[in-house]
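# below are the sequence and a predicted model; questions follow.
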Amino acid sequence: MFYWVMKRIFLGPVIKLLFRPWVKGLDNIPAQGAAIIASNHLSFSDSIFMPLMVHRPVVFLAKSEYFTGTGVKGRLTAAFFRLTNQLPMDRSGGAASAASLNAGMEVLNHGGLLGIYPEGTRSPDSRLYRGKVGVARLALQAGVPVIPVAMIGTDKVQPIGKRLPNIRRIGMVFGEPLDFSQYRDQAEDRTVQRKVTDEIMSRLMRLSGQEYVDEYAAVVKLRLAGKPAEPAAAAEPLAQPDPVEGGFAPDAGPHSAREGQRPTKDDGGTSAAG
């Protein structure tokens, strides 16, 4: 009820009046049935603007820090996220991330729309970064289409670190649904997970016009802040390790890409940015 009241009566009309969002491809959202909406991530406000324009409720996976704040501000933030259909996502990788994404699977199993940011965090510089494979495994296991959506101009409305938004027009482009049903029986295959994820990111790049960097955004943020890289920054939630002699093969590390370079086939035959 809170979600509907905020969207239809209070927050929604005000946002539409101030930011005059334009939308293309909204008819690519199915009228019913489960689907994943995979978006680029430029601003904190992406999770507000996009669900506002979709007629059906969208449940987003949001970083768990938004739900664990202390003090009055922390509690209000947590309450707002819960009341606006957002679920906590642990981004540290491994079992913690897998448990978080199980909640997303429940949304899909009940026929809902699940919003997810494959990059895992906001872009530090408005470019598009390497996607994490959790989105692929969710899509393959649930057998649902993935609808790419490009947010346009939200980084100018609310850049990272800015609390009050700039009043200016924003837009979004919903692409045609991506069908990966031919890979459903290979949901645990690491190569397939990466191929599907890279196809999603390639489509987002074309829709948004962003330059692509084959590196995790979280790793870049740490480097820009002068901090050492942490394993969690490059963690791949729900990734299935590939067996090799004596153990498991780690995920192929991020490779720096030339700005604007499109994903290509790597030496192993899987889609990746070279």
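Here it is on my side, so go on.
# how distant is stretch 75-86 from the center of its chain?
Relative to its chain's centre, stretch 75-86 lies at 18 Å (C-alpha atoms, centre = their mean, to the nearest Å).
# average pLDDT for it?
Averaged over stretch 75-86, pLDDT sits at 73.
# next up, phi/psi of Ala35, please.
Dihedral pair for Ala35: phi -160, psi 160, per degrees, to the nearest 10.
# do the same with Ala229
phi -70, psi 140.
# likewise for Ser39?
In terms of degrees, to the nearest 10, the main-chain angles of Ser39 are phi -120, psi 150.
# doesn't Pro88 lie inside a helix?
No. Read with DSSP: H, G, I helix; E, B strand; the rest coil, Pro88 is strand and lies in no helix.
# ok, which stretches of this protein are helices?
2-5, 11-19, 46-53, 71-83, 94-109, 134-142, 154-157, 190-208, 217-224 (DSSP state H).
# for the record, mean pLDDT for the fifth one?
For helix 94-109, the per-residue pLDDT values average out at 79.
# returning to that earlier point: now, of the helices of the chain, which is deepest in the fold?
With neighbours taken as mean count of other C-beta atoms under 10 Å, those reach their highest mean count in helix 134-142, at a mean of 25. Using the backbone N, CA and C atoms, a C-beta is placed for each residue, glycine as well.
# what's that one in contact with?
Helix 134-142 is contacted from outside by 34, 36, 38, 97, 101, 104-105, 108-109, 114, 116, 118, 145-146, 180, 183-184, 186-188, 192-194, 196-197, 200, 236-240, using C-beta atoms under 8 Å, 6 or more residues apart in numbering.
# what's the answer for stretch 4-12, then?
Applying C-beta under 8 Å, 6+ apart, the contact partners of stretch 4-12 are 48, 51-52, 83-84.
# in those residues, find the pair that's most separated.
Leu52 and Leu83 (14.8 Å; C-beta to C-beta).
# tell me where the model's unsure across the stretch 1-150 of the chain.
Applying pLDDT under 70 to the stretch 1-150 of the chain flags residues 66, 89-100.
# now Ile167: how far from Val14?
Distance, Ile167 to Val14, using C-beta to C-beta, to the nearest Å: 11 Å.
# actually Leu164, not the one I wrote
14 Å.
# and for Gly153?
18 Å.
# picking that back up, distance to Pro30 for the helices of the chain - can I get that in CSV?
Putting those into CSV (distance: least, C-beta to C-beta, whole Å) gives the following:
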stretch, distance to Pro30
helix 2-5, 19
helix 11-19, 21
helix 46-53, 15
helix 71-83, 25
helix 94-109, 12
helix 134-142, 14
helix 154-157, 24
helix 190-208, 17
helix 217-224, 29
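# to Asp125, which of these lies closest?
Per C-beta to C-beta, nearest to Asp125 of those: helix 217-224, 7.8 Å.
# CA atoms only: put the closest one into PDB for me.
What follows is helix 217-224, C-alpha atoms only, in PDB (Å, rounded to 0.1, in the frame of the first residue of the first chain):
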ATOM      1  CA  ALA A 217      33.500  -0.600 -10.900                       C
ATOM      2  CA  ALA A 218      34.100  -1.500  -7.200                       C
ATOM      3  CA  VAL A 219      37.800  -2.100  -7.900                       C
ATOM      4  CA  VAL A 220      38.100   1.200  -9.700                       C
ATOM      5  CA  LYS A 221      36.400   3.000  -6.800                       C
ATOM      6  CA  LEU A 222      39.000   1.600  -4.400                       C
ATOM      7  CA  ARG A 223      41.900   2.600  -6.700                       C
ATOM      8  CA  LEU A 224      40.500   6.200  -7.100                       C
END
